[in-house]
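Enquirer: Sequence and predicted structure below; questions after.
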Amino acid sequence: MSGPDFSKIPAVILAAGRGERMRSDFPKVAHEVLGVPLVRWVVRALQEAGFRRLLAVVGHGKEIVQKLLQGDCEFVDQGEPKGTGHAVLAVRPALGDYQGPLIVLNGDVPLVSPATLRALVVGLDKLSADAMVMTACVDPPTGYGRIVRNSQGRIERIVEEADAKMETMINEINGGAYGFRAPAIFEILSRVGPSAKGEYYLTDAVRLILEQGGRVEAARVSNPAEAWGVNARRDLVTVSNYLRWQLLEAHMRNGVTIVDPSSVYIEDGVSIGRDTIVYPYTVLQRGVTIGARCKVGPFARLRGNTTLADETEVGNFVEIKSSRLGRRSRAKHLTYLGDATLGEGVNIGAGTITANYDGHSKNPTMIEDEVQTGCHTVLIAPVRLGRGAKTGAGSVVLRGRDVPPGELVVGVPARAVRSKKAAKK
Amino acid sequence: MSGPDFSKIPAVILAAGRGERMRSDFPKVAHEVLGVPLVRWVVRALQEAGFRRLLAVVGHGKEIVQKLLQGDCEFVDQGEPKGTGHAVLAVRPALGDYQGPLIVLNGDVPLVSPATLRALVVGLDKLSADAMVMTACVDPPTGYGRIVRNSQGRIERIVEEADAKMETMINEINGGAYGFRAPAIFEILSRVGPSAKGEYYLTDAVRLILEQGGRVEAARVSNPAEAWGVNARRDLVTVSNYLRWQLLEAHMRNGVTIVDPSSVYIEDGVSIGRDTIVYPYTVLQRGVTIGARCKVGPFARLRGNTTLADETEVGNFVEIKSSRLGRRSRAKHLTYLGDATLGEGVNIGAGTITANYDGHSKNPTMIEDEVQTGCHTVLIAPVRLGRGAKTGAGSVVLRGRDVPPGELVVGVPARAVRSKKAAKK
Amino acid sequence: MSGPDFSKIPAVILAAGRGERMRSDFPKVAHEVLGVPLVRWVVRALQEAGFRRLLAVVGHGKEIVQKLLQGDCEFVDQGEPKGTGHAVLAVRPALGDYQGPLIVLNGDVPLVSPATLRALVVGLDKLSADAMVMTACVDPPTGYGRIVRNSQGRIERIVEEADAKMETMINEINGGAYGFRAPAIFEILSRVGPSAKGEYYLTDAVRLILEQGGRVEAARVSNPAEAWGVNARRDLVTVSNYLRWQLLEAHMRNGVTIVDPSSVYIEDGVSIGRDTIVYPYTVLQRGVTIGARCKVGPFARLRGNTTLADETEVGNFVEIKSSRLGRRSRAKHLTYLGDATLGEGVNIGAGTITANYDGHSKNPTMIEDEVQTGCHTVLIAPVRLGRGAKTGAGSVVLRGRDVPPGELVVGVPARAVRSKKAAKK
């Protein structure tokens, strides 16, 4: 049985809101969870589901949001923000005379799954529905619109929290993701009147559909997290904790020892090899790749674009950024490595710092196999330490003063010595 | 309706106890929660409630306790410690012929609210009571005295945990805060006999009041935390966690992103501006003020008397103490700043240290706008770096050798260079 | 009443398994909990119970396991791994004509108590049993073999999880520790047939004993943690959390202030004195001894073989390994001390590093009473700083260039100066 071609079906992302309760000068959907902005989580789920035509309705902080979504979305400027119904209507011109299903979802629902997004389309035909609504049973349902069903169990209306009386007891909530039919939805939306606050609500379109005898069906998710919406900073934490533990469990199942999972902060987009041990108080950011049988931490921070080959060791009070450490290399104490490429078997002495930033741009440091740096060495980039080179304690290797293979340099600035009298840790 | 003038009503703080279960050489009430000694939390609640005449009964470790309370309390030395009843009786001489209400509370009840403290006074008249007792329903009630009520629901007696039999099932407990009438309470206390251990208990006064037909009423708190008493180190943690999460929630509501609230340690008395991001493994101590749109952490520690202006960045393995960072200044890696004043747009290189301590006293470091320090710079205070000055990697700027604006200094000790050949991170 | 002589009773540790679900190249029992390999926890419990004749059945990764147990166990190589029954049978030759009780336990049950291990022996006689099985009621029982009892409450059989149908509802589980009688158990095991997978199960011996009218009794533990088996990395965390909190509670009861117990990582085998304060984000590893009234952390890591005398202070971003700090000594900022011995009243300046490793071996640093090191000092071991000596900021003291008492040295390399003009933090 062939399903719909999701790549042709428009997906509208509502990303224009201010998010009053965030108390922020930035748009709500730009706030991050595990290093990824909220709206990027939504885009990822849409792309995994096969949607390719993404339309983001922007407004508040639109420059920021557009920058986050550039290349993945078309943008529709809502102009004056007048509610979710108004936002969807603003998309109409961009769709021209498109006829067929479309989905609409809030940009602040980061945990929605690709399967649910597909179900919003598939359900329209399968259930002969005019609209599909993602719903979930959450506990407590406070803050969400409630799904009111009639005695036959059919959806009768959606009641906003603010308007709810007895309905506050209902725990099936509106998850903020919908399937509609175009152009019917636009015609309905054009008939929606303003609320007391002068806003046009998408849920009023659902009401109109029901009033005119249309059919609204639920795509009810079994995992309530899919429907979690982010409205306050506290909600960012709830979502983050949920995802973080899922990732931690996955790393452990893959054969990583995480000594105390509640004491590490590992973002999304981190790969860790088998039998690697991650010690407490370790931060691993997006874009970090760690090999097998490594030891990382405690008190280590690996930032983006960093790769550790197998059997490397990164110890305490060490920060590494945009660097590559070769097999069996070690940086164990009080070190900063940035834009550095290390070969195999390198030993970075305590207090070594790569001065990668010259006040204008970042420069690379090349450290070849078996190099040993002395304690408190500063390497001013761009610079290269040849294979087996050594630096004395407290030496400052100036930019461009490459150290030939096997040579020992000492001093401020560092100069070559013949006799190996300067010691290193 | 005019209420009582709390500023005239004596409040007696019982702060003489050893706190056997703390296993400490220090008095119990001196142990800290979020950087504030237990007894200071009690004093703060009293002051917020409007009480101005505070009498602290001291005994064990009295020098320490008096130092903590100096300026806020009168002190009454209990001499030989003979129980809470004996302690209150010791206050009588200090009150002279005072007639009117007074309150008594344990110095180890840090979460008691100002409203409850006022209720202990107001209730005396309003309920025609001879004594008021703060009570709470806690689960489990283990360790606390229990409130026994008769079939009419009136307080009948207070049973100590040690004497409780069936009463251990009761979960309404004595919260250790009372309202009494003077001089009546002193006359009653003078009739209280010693316990088997030779101590005179305040709860026996309550018993005597009831026996002679007096009336004892409860100020029952709805938040059981108000009645939590600290008897062991474990209790310090319970109280601390409660307060810490309240403060964290408040920061988040105010528009601060706390990436992982369970992985930061923020004391009481910290202010953080809107859209500032606090990364994991960050310690913010009392007296820290952070502006808006800053980034702090991971692995940062800001100690007392530190101010970060808007848009500053403090990164990993950085400690800052008694310092001020101007707008857009940055200290991102492996740095110690103490007693330093930084202008705007300063860039502190990795491994920079202010040597603020000369073995005798602390000295200031002045760093003007747009200064850049090279990696592993040591600044020996007192010293000043003029606007736009730079230091080379590994340089040691000696005390008093101020660097003029725009100048570059390098070496150990640092000297001015004309050519800008020494590089910095 | 005289009990059995446990020192003569063989205890068989099953330590040959691969532990497929660990996804590891290392044998399961070698994985660590709080710094101690799983199988060492089992050995410790056996030794505390009085057992002295320990036989470890090894197989997968046997070199690693033997190294962990060397000196405490005899080893029996299982050869091709063919199940737990096969493993126990492999022990027979080592026992010769031994007649009497023996116990068998999995090497992955780290929390089993000495009392339970003794009960497996004592119960054989006391209950006239042919076999004893450690059981526990755990919730959920998923993953464990279930204990099926008949209507009289007697053990009827043990059903493996994989074979369980209705039995999955039973929450009394097989804890993987047994008491048997030799040589009877070996005769029974020799009659056990292979499973569908070709393995010989010890639980089939239990079945045979029951079938031939023998008696199997339970040593049911009241603390289910005793029966927890480790099968996946996640289980290491469960066990570790359990033990860690037990240790934390014990430290607090002993009079240590642990400011936030959920934010410190303290291994087994750490001693901390009264009124010492441990700040958040502190790692204390096995073999650390801390005196009274010390302050440790935040962001401190003390590694093995380290002793802090009373009233020492170890601050942030400080790592100490195999060192001893005398009374009132302080190392408060960005420091690495390895293989160092400090006298009393020493002040280690921020950024001080002992270069204890010369690329081949570790060398000692001696720092006598009242020494003060300047910021960013490097001490290249072996070296000695005499009583009251001082180093200037950024100085590098070369190996063997001992600093006489009271002398000040500065520079790279450090040389003595007469005038005390170089400043220190």
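Expert: It's in.
Enquirer: Closest residue of the stretch 51-200 of chain A to chain C?
Expert: Minimum separation of the stretch 51-200 of chain A from chain C (Cβ to the nearest Cβ) falls at residue A:139, amounting to 21.3 Å. C-beta here means a position set from N, CA and C on the backbone, and glycine is covered the same way.
Enquirer: pLDDT at that residue, what is it?
Expert: On the pLDDT scale, residue A:139 is placed at 88.
Enquirer: now residue A:358
Expert: Note on residue A:358: pLDDT of 84.
Enquirer: Roughly how far does it sit from residue B:347?
Expert: Here the distance between residue A:358 and residue B:347 works out to 11 Å (Cβ to Cβ, to the nearest Å).
Enquirer: swap in residue A:393?
Expert: Remark: distance between residue A:393 and residue B:347 (Cβ to Cβ) = 26 Å.
Enquirer: Tell me how far residue A:221 lies from chain C.
Expert: Using Cβ to the nearest Cβ, to the nearest Å, one gets 24 Å for the distance from residue A:221 to chain C.
Enquirer: I'd like to know how many residues surround that residue.
Expert: By the measure other Cβ atoms under 10 Å in any protein chain shown, the count of residues near residue A:221 is 22.
Enquirer: Let me see the backbone angles for the residue lying closest to residue A:6 once chain neighbours are set aside.
Expert: Distance criterion Cβ to Cβ, 6 or more residues apart in numbering or on different chains; nearest residue to residue A:6, sequence neighbours excluded, is residue A:50 at 3.5 Å. Dihedral angles phi and psi of residue A:50 (degrees, to the nearest 10) take the values phi 100, psi 0.
Enquirer: for the longest strand that chain A contains, what is the average pLDDT?
Expert: Taking DSSP state E as the criterion, chain A has its longest strand at strand A:172-182. Averaging pLDDT along strand A:172-182 yields 97.
Enquirer: and what of stretch A:411-425?
Expert: 68.
Enquirer: same check, this time on stretch A:36-48
Expert: pLDDT averaged over stretch A:36-48 equals 98, rounded to a whole number.
Enquirer: which stretches of the stretch 251-400 of chain A have low pLDDT?
Expert: Low-confidence segments of the stretch 251-400 of chain A, defined by pLDDT under 70, are absent; every residue clears the threshold.
Enquirer: Please, where are all the helices along the stretch 301-425 of chain A?
Expert: In order along the chain, the stretch 301-425 of chain A carries no helices (DSSP state H, counting those that start in this stretch).
Enquirer: who's in contact with the residue of the stretch 51-200 of chain A closest to chain C?
Expert: Under the criterion of Cβ atoms under 8 Å, 6 or more residues apart in numbering or on different chains, the contact partners of residue A:139 comprise A:171, A:224.
Enquirer: who has more neighbours, residue A:358 and residue B:347?
Expert: A direct count of neighbours by other Cβ under 10 Å for residue A:358 and residue B:347 places residue B:347 higher, at 22 against 16.
Enquirer: For the closest residue in space to that one that isn't next to it in sequence, give its distance to residue B:348.
Expert: Across the structure, with Cβ to Cβ, 6+ apart as the measure, the residue nearest residue B:347 apart from its sequence neighbours is residue B:372 (4.7 Å). As for residue B:372, its distance to residue B:348 is 8 Å (criterion: Cβ to Cβ).
Enquirer: And these two? Which one has more around it.
Expert: Ranked by neighbour count (other Cβ under 10 Å), residue B:372 and residue B:348 place residue B:348 first, with 32 against 22.
Enquirer: Just grab the bridge partners of residue A:284 for me.
Expert: residue A:266, residue A:302 (DSSP bridges).
Enquirer: For the residue nearest to residue B:347, which residues are in contact?
Expert: A:359, B:346-347, B:349, B:389-391, B:424.
Enquirer: Those residues, buried ones only, as a ChimeraX selection?
Expert: One line in ChimeraX is enough to select the buried ones among those; burial here means 16 or more other Cβ atoms under 10 Å in any protein chain shown:
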select /B:346,347,349,389,390,391,424
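Enquirer: And the contacts of residue B:372, which is closest to residue A:297?
Expert: Distance to residue A:297 across those (Cβ to Cβ) is lowest for residue B:349, with 24.6 Å.
Enquirer: tell me which parts of the stretch 301-425 of chain A are close to chain B?
Expert: Taking Cβ under 8 Å from any Cβ of the partner chain as the criterion, the neighbours of chain B within the stretch 301-425 of chain A are A:301, A:317, A:319, A:334, A:336, A:351, A:353-359, A:376, A:378, A:380, A:394, A:396, A:398-399, A:412-413.
Enquirer: Which among these count as buried?
Expert: Applying 16+ other Cβ under 10 Å to these, the neighbour count classes A:301, A:317, A:319, A:334, A:336, A:351, A:353-358, A:376, A:378, A:380, A:394, A:396, A:398-399, A:412-413 as buried.
Enquirer: Can you pull the residues of the stretch 151-300 of chain A lying near chain C?
Expert: Among all residues of the stretch 151-300 of chain A, those adjacent to chain C (criterion: Cβ under 8 Å from any Cβ) are A:249, A:252-263, A:274-275, A:279-281, A:293, A:298-299.
Enquirer: can you do 7 Å?
Expert: The stretch 151-300 of chain A comes close to chain C at residues A:249, A:252, A:254-257, A:260-261, A:263, A:274-275, A:280-281, A:298-299, as judged by Cβ under 7 Å from any Cβ of the partner chain.
Enquirer: If any of those are buried, put those into a PyMOL selection.
Expert: To isolate the buried ones among those in PyMOL, judged by 16+ other Cβ under 10 Å, type:
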select buried, chain A and resi 252+255+256+257+260+261+263+274+275+280+281+298+299
